[in-house]
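Q: Predicted structure and sequence below. I'll ask about it afterward.
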Amino acid sequence: MATIRGALKEVYYGAVSAVHRRPLPMHGAPPMVTFTFDDFPRSAYLTAGATLRAFGARGTYYAAVGWMDEVGPATGDRCRTADLPALLRDGHELGTHTYSHVSCRALTTSRFAEEIARGREALHRLVGDAASDNFAFPFGAVSPAVKKEAGLQCRSCRSGLGGYNGPIVDLNLLRANKLYSESVPLPRIRDLIARAAQPGQWLIFYTHDVGEQPSPFGCTPQYFEDTVRCVVEAGIRVATVGEALAAIEGTSARRDAPP
């Protein structure tokens, strides 16, 4: 049964990938890796953020404003409004994740579009222009109609669909890979990184809490540190979503510039 579900899921996401695309060619841009955090638990900033800074890197944090300053049943303390200025001063990116952290499967397409807009507006009220318009689908849930609507509002839309971005990036469905220490062995992560070390490849990771006893949706500090170290030792640039998009757009602009 699990095999059938997996096959059906693959077919469904294949169909979603094929429609309402917003292509951005990488044109041989240098390889990049991005670390993203969904919801986001406070430990993702305090622990993983410190690890990234120690390596001279930064991450992208997707926040659902309606979830802030609460305790999650699985992932612990969620981000605090008071932490946002420090997170931004540290150079991390603050993206949006709807307002209420609701799945698109629970709402009509128009209502979900309103959730995206409400989340973006609330984040901009908190931190002004420092808020990013890069978005992640809660629970990784996306449909063709929702993909189109999200793309109309956001600079990019990150999914939970695994794989690499490139050589043509779909801004409406960025692919991302789990960093879940309980279910994804570190050798598998190292293999993903090794295969990403070539021009025209952008590898995105996502996780939630980062602690010694993480939820099934998070990872341990050592697992996270080992992953970052692997990227750095491979000579791959660690970039936020916004930085990666700027680098790709810059490459395209230079390529298209008149001689």
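A: Happy to help now that I have it. Everything numeric here is computed off the predicted structure, so don't read it as measured data.
Q: hey, where'd the helices end up in the stretch 1-150 of the chain?
A: 2-18, 42-43, 50-54, 84-89, 109-127, 144-153 (DSSP state H, counting those that start in this stretch).
Q: Same check on the stretch 151-259 of the chain?
A: Going by DSSP H, counting those that start in this stretch, the stretch 151-259 of the chain shows helices at 186-196, 221-233, 241-256.
Q: Give me whichever of the helices of the stretch 1-150 of the chain is most buried.
A: Among those, helix 42-43 has the highest mean neighbour count (mean count of other Cβ atoms under 10 Å), at a mean of 22. C-beta here means a position set from N, CA and C on the backbone, and glycine is covered the same way.
Q: pLDDT weak spots in the stretch 151-259 of the chain?
A: Along the stretch 151-259 of the chain, segments meeting pLDDT under 70 span 252-259.
Q: Where is the longest strand in this structure?
A: strand 32-39 (DSSP state E).
Q: Quick check: which helices or strands does that one pack against?
A: The contact analysis (3 or more Cβ pairs under 8 Å, 6 or more residues apart in numbering; DSSP states H and E) places strand 32-39 against strand 60-63, strand 202-207, strand 237-238, helix 241-256.
Q: Deepest in the core, which of these is it.
A: strand 60-63 (a mean of 29).
Q: ok, and what's touching stretch 11-23?
A: 142-144, 147-148, 151, 161, 168-173 (Cβ atoms under 8 Å, 6 or more residues apart in numbering).
Q: returning to that earlier point: run the chain-centre distance for the longest strand of the chain.
A: When distances are taken as Cα atoms, centre = their mean, to the nearest Å, strand 32-39 is centred 4 Å away from the chain's centroid.
Q: Same check on stretch 196-203?
A: Taking Cα atoms, centre = their mean, one finds the center of stretch 196-203 at 16 Å from the center of the full chain.
Q: and the end-to-end length of it?
A: 6 Å (Cα to Cα, to the nearest Å).
Q: Now it: buried residues?
A: Of all the residues in stretch 196-203, those buried under the rule 16 or more other Cβ atoms under 10 Å are 196, 200-203.
Q: out of those, who's nearest residue 33?
A: Residue 33 has its nearest neighbour among the buried residues of stretch 196-203 in residue 203, at 4.8 Å by Cβ to Cβ.
Q: That closest one against residue 194, yeah?
A: No. Residue 203 lies out of contact with residue 194 (Cβ atoms under 8 Å); the separation is 10.3 Å.
Q: Could you dump the helices of the stretch 1-150 of the chain into TSV with distance to residue 69 added?
A: Below are the helices of the stretch 1-150 of the chain laid out as TSV (distance: least, Cβ to Cβ, whole Å):
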stretch	distance to residue 69
helix 2-18	33
helix 42-43	10
helix 50-54	21
helix 84-89	11
helix 109-127	11
helix 144-153	25
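Q: Based on its surroundings, how many neighbours for residue 107?
A: 16 (other Cβ atoms under 10 Å).
Q: Pull the number of nearby residues for residue 36.
A: Residues contacting residue 36 under the criterion other Cβ under 10 Å number 24.
Q: ok, residue 43 - contacts?
A: Applying Cβ under 8 Å, 6+ apart to residue 43 gives the contacts 75-77, 209-211, 218.
Q: Most neighbours out of these, which is it?
A: residue 210 (29 neighbours).
Q: quick one: it and residue 147, what's the gap?
A: Distance, residue 210 to residue 147, using Cβ to Cβ, to the nearest Å: 29 Å.
Q: Over to residue 30?
A: With Cβ to Cβ as the criterion, residue 30 and residue 147 are 28 Å apart.
Q: Same check on residue 168?
A: Distance from residue 168 to residue 147, by Cβ to Cβ: 16 Å.
Q: do the same with residue 51
A: 32 Å.
Q: Relative to residue 231, which of the helices of the stretch 1-150 of the chain is closest?
A: So among the helices of the stretch 1-150 of the chain, helix 50-54 is nearest, using Cβ to Cβ, at 10.4 Å.
Q: Please state the offset of the closest one from the chain centre?
A: Here helix 50-54 is found 18 Å from its chain centre; the criterion is Cα atoms, centre = their mean.
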